[in-house]
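J.: Quick one, what's the 3D model for this:
(one chain, ligands or ions: 1)
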Amino acid sequence: MNVHPLFCRYGGGDPKPETDKSAAKSSHLQRLLAKIEENKQKLEGLVKTKKKKEEEKLEKEQEQSKSSSKKVKKRKRDQTEQEVQDNNAQNGGEEKDIAGQFTVLGDNFSKQKKTKVAAVLPYWMKNPSIISGFLKNLTVTVHDLPQLDKDIVKKLEKNGITHFFPVQHEVIPWLLESQSKPPQFWARDVCVCMPTGSGKTLAFVLPIVQALRNRFIPHIRALVVVPIKELATQVHKVFLDYIDITDLRVVCLSGAESFENEQSQLVRYSEVDKKFCSCADIVVTTAGRLVDHLQATPGFSLHHLKYLVIDEADRVIERMHNDWLYHLERHLISVDMRKVPPLTVREMAYRQPPPQKLLFSATLTSDPEKLQTLGLFRPTYFAYESKNSENATDESSGVKNLTTPDELSEYWVACDIAMKPLYLYHLIKEGDWKTVLVFVNSLEKVHSLAILLRFMFQGHKNKSVSELSSISKHRDRCFNSFVSGHSNILVTTDALGRGFDLAHLECVISYDCPLAPRVYLHRAGRAGRAGREGIAITLVETVRHL
Ligand SMILES: Nc1ncnc2c1ncn2[C@@H]1O[C@H](COP(=O)(O)OP(=O)(O)OP(=O)(O)O)[C@@H](O)[C@H]1O
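T.: Residues are numbered from 1 along each chain as shown. Okay, the predicted model is just below:
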């Protein structure tokens, strides 16, 4: 076989004189090589002229306007990128270009770096009214708020409250004042973000009770929406405590009672007037139960609603149970109360104002998109002063400055997954706390861990274990036994991680690591409340720890 032409083609050695047989083939190859060289030169020429043209264009643009300098830079960058691409093509993909000379559309675009769009916070959120989150050395006594009725002050003292917490002495007067203006000055909505256990509940209960106490005809004028049944019962109790000095009526819709029972507490049919009359002034409800009543309770009307309180607002917004807000708005719109009507003087003077929305949470989202779903009217934002500048931020929810109360001592323990139950047993046994709340991440684990703990603490005095199961009957019984102090260890999921307030709770243990910083904050915040000391311990599996 004559390998010489091939040898020549791949650049090895001096060409030898061609033999007769291979003469035709070798001349054909040479023609091909010459053509390749010609194409290459053509391509280089094209690139050069293109570059030249672009440079000229750039110079012209620079002369024409200085303000377009950004554009020019971008083009230069594109140009250099193009050059790199061209070089690459010439070096590595020479054959490809020569053969095809294709331009891949959008290729350049996909290689460009995508610039990150910075979130733009609305003005009201960027400029909050800052409140101290410190619950020690309180200075404002319950007598220091002249706007507050004497009866309410007396009631506070009777309940052992002598001083207001910071959130209370800032938000209560503000709310009372906002409702005292003439009807054309619609009350602005309020967002309050304060740490766990800082007394947010009283900050909305007291102004509502005071504002409604002189009403003549009962109508539902305040609606409080909370995420879970236990929290609804808790807030209901606080209202009950403060309305006994008035003739207001508060109803709790949470599923704790039968649907028919709840209906009978809400409305009654008047044979004299031949219409339904409201029996309640204030309704505390879970989102799901609210939708049920909106759809199935005849005469249930929120047309006189003045206050819409959303406690644990970020959770309620996140889990729009049964689209409760949609159903509520549809109900309100039916009496000509649009979310945000055009703001003309006439409009504001003659139209019934929309309910004032009050949002409360320890981790209120600062994601404008999420808040937009609520259609807030000229909101005011109360946030707490955070001492630690390096506080965690929950990117997923847009919650910033996550801090736990100062009175809370926080620990974490690294342990092997197989040893976790023993660690838990040891901690509870040695800690000897009166009450312990144990958090896990799933309902199945609640049950299995409760069984295990019961087995471990068999024969131990003052160590009785209960669990917050999914079965309603058991759930109520176990929860009540823990609240009343009959059992002192409660295993639960994050269902009880928010809002739950138990004065004698000393320790919170996260048996499973919380899945997000704000989840941790709410769990840990069940202890160390209202200026009391508390402990939060997290068991971290060694694998995660590493
Ligand atoms: N001024 C006060 N003085 C003493 N105790 C108070 C005062 N205000 C509220 N408390 C008590 O503080 C505890 C926590 O209050 P509350 O449940 O309102 O906190 P929170 O801010 O809503 O917490 P979370 O964010 O966890 O729901 C309650 O037991 C309440 O009775």
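J.: Quick check: residues of the stretch 51-200 of the chain near the ligand?
T.: Contact residues of the stretch 51-200 of the chain with respect to the ligand, defined by C-beta under 6 Å from any ligand atom, are listed as 161, 163-165, 168, 194, 196-200. Quick note: C-beta positions are derived from backbone N, CA and C, even for glycine.
J.: Around the ligand, pick out the residues from the stretch 351-500 of the chain.
T.: Near the ligand, when you scan the stretch 351-500 of the chain using C-beta under 6 Å from any ligand atom, you find 362, 499.
J.: ok, which stretches of the stretch 351-500 of the chain are helices?
T.: Assigned by DSSP state H, counting those that start in this stretch, the helices in the stretch 351-500 of the chain fall at 368-372, 420-431, 443-456, 472-483.
J.: Could you list the buried residues of the second one?
T.: Going back to what we said before, that points to helix 420-431. Using 16 or more other C-beta atoms under 10 Å as the test for burial, helix 420-431 gives 420-421, 423-425, 427-428.
J.: What of the last one?
T.: Within helix 472-483, the residues that qualify as buried are 475-476, 478-479, 482-483, counting by 16+ other C-beta under 10 Å.
J.: Apart from its chain neighbours, what residue comes closest to the residue in the stretch 201-350 of the chain that the ligand sits nearest to?
T.: Going by C-beta to the nearest ligand atom, the ligand is nearest to T201 of the stretch 201-350 of the chain, at 3.2 Å. Among residues not flanking T201 along the chain, V238 sits closest, at 5.3 Å (C-beta to C-beta, 6 or more residues apart in numbering).
J.: Find me the pLDDT at the residue of the stretch 201-350 of the chain closest to the ligand, would you?
T.: Reading off the confidence values, T201 has pLDDT 95.
J.: Could you pull up phi and psi at Y242?
T.: Dihedral pair for Y242: phi -100, psi -10, per degrees, to the nearest 10.
J.: give me every residue that touches it.
T.: 152, 155, 205-206, 209 (C-beta atoms under 8 Å, 6 or more residues apart in numbering).
J.: rerun at 6 Å
T.: For Y242, the contact set (C-beta atoms under 6 Å, 6 or more residues apart in numbering) comprises 155, 205, 209.
J.: Just to confirm, what confidence does the model report for N388?
T.: pLDDT, N388: 56.
J.: Equivalent analysis for the one 4 residues further on, please.
T.: We note a pLDDT of 52 for A392 in this prediction.
J.: With the one 4 residues further on instead?
T.: As summarised for this prediction, S396 has a pLDDT of 53.
J.: With V72 instead?
T.: pLDDT, read off for V72, is 53.
J.: count of neighbours near K370?
T.: K370 is flanked by 16 other residues according to other C-beta atoms under 10 Å.
J.: Compute the inter-axis angle for the strand or helix carrying the residue nearest to T201 and helix 472-483.
T.: Element membership for V238, per DSSP states H and E: helix 229-243. If you take axes from the mean of the first three to the mean of the last three C-alpha atoms, to 10 degrees, helix 229-243 sits at 60 degrees to helix 472-483.
J.: immediately after helix 229-243, which helix or strand?
T.: Next along the chain from helix 229-243, counting by DSSP H and E, comes strand 250-253.
J.: mind checking how far that following strand is from the chain centre?
T.: 27 Å (C-alpha atoms, centre = their mean, to the nearest Å).
J.: possible to save the buried residues of helix 420-431 as CSV with pLDDT?
T.: Formatted as CSV, the buried residues of helix 420-431 follow (pLDDT from 0 to 100):
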residue, pLDDT
K420, 92
P421, 92
Y423, 93
L424, 94
Y425, 93
L427, 94
I428, 92
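J.: And the longest helix that the chain contains, what does it pack against?
T.: The helix that spans the most residues within the chain, counting by DSSP state H, is helix 20-64. Packed against helix 20-64, as judged by 3 or more C-beta pairs under 6 Å, 6 or more residues apart in numbering; DSSP states H and E, are the following elements: helix 4-9, helix 69-91.
J.: If you average pLDDT over each of the ones you listed, which is lowest?
T.: When I compare the helices and strands packed on helix 20-64, helix 4-9 is least confident, with a mean of 43.
J.: Pop out the phi and psi values for S301.
T.: phi -130, psi 140.
J.: correction: D247
T.: As for D247, its main-chain torsions (degrees, to the nearest 10) stand at phi -110, psi 30.
J.: Closest approach to the ligand from the stretch 401-546 of the chain, which residue is it?
T.: A530 (3.2 Å).
J.: for the helix or strand where H522 lies, packing partners?
T.: Element membership for H522 (DSSP H and E) is helix 517-524. Using 3+ C-beta pairs under 6 Å, 6+ apart as the contact definition, the elements that helix 517-524 packs against are strand 392-394, strand 399-402, strand 507-510.
J.: List the contacts of the residue nearest to K357 when sequence neighbours are not counted.
T.: What sits nearest to K357 in space, not counting adjacent residues and going by C-beta to C-beta, 6+ apart, is D189, at 4.2 Å. D189 sits next to 357, 376-377, 379 when contact means C-beta under 6 Å, 6+ apart.
J.: same question, K420
T.: Contact analysis of K420 by C-beta under 6 Å, 6+ apart lists L539.
J.: ok so, going back, adding distance to V284 and pLDDT as columns, could you present the buried residues of helix 472-483 in CSV?
T.: Formatted as CSV, the buried residues of helix 472-483 follow (distance: C-beta to C-beta, whole Å; pLDDT from 0 to 100):
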residue, distance to V284, pLDDT
R475, 19, 79
D476, 17, 79
C478, 22, 84
F479, 17, 84
F482, 21, 88
V483, 17, 87
